[in-house]
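Q: A predicted structure for the sequence below; I have some questions about it.
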Amino acid sequence: QPQLVESGGGLVQPGGSLRLSCAASGFTLNYFAIGWFRQAPGKEREGVSCISKSSDIMRYAESVKGRFTISRDNAKNTVYLQMNNLQPEDTAVYYCAAELRTYGCMLSVSQYGYWGQGTQVTVST
């Protein structure tokens, strides 16, 4: 059964870093664009970053540009989100999602059909 599993979340102080991982099982990510999304309490889920299947296209929300970096290792069937200079407003549950797409990627929740269960990121002193 296709499954995405996020890991790497946790509690970090402002200015700190975390690296999230999204590992796929039951299917290969080679043909999928992957997106990272987050949802804070009381807010809608929002797109953070996405990467095309061949890593030639990467997109970032304005709020994370210059701080977050998305990457993928198709050989390991895993996608990563490196998050630097984390701020309290980055606190949320982070989800990865997969979309079968030939080219590019989108930061739209509705485009993605496969979702992980999420990992909590808390930025606080």
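A: Happy to help now that I have it.

Q: so how far is residue 22 from the residue most central in space within the chain?
A: By C-alpha atoms, centre = their mean, the mean C-alpha position of the chain lies nearest to residue 36, the distance being 2.3 Å. In this view, residue 36 and residue 22 are 7 Å apart by C-beta to C-beta, to the nearest Å. Where you see a C-beta, it was placed from the backbone N, CA and C, and this is true even at glycine.

Q: common neighbours of the two, please.
A: Contact criterion C-beta atoms under 8 Å, 6 or more residues apart in numbering; residues bridging residue 36 and residue 22 by contacting each: 79, 81, 96.

Q: isn't the first one right up against residue 51?
A: Yes: counting by C-beta atoms under 8 Å, residue 51 is a contact partner of residue 79 at 6.6 Å.

Q: shared neighbours of these two, anything?
A: Counting by C-beta under 8 Å, 6+ apart, the contacts common to residue 79 and residue 51 are 34, 70-72.

Q: please tell me which one of those counts the most neighbours.
A: Counting neighbours by other C-beta atoms under 10 Å, residue 34 leads the shared contacts of residue 79 and residue 51 with 28 neighbours.
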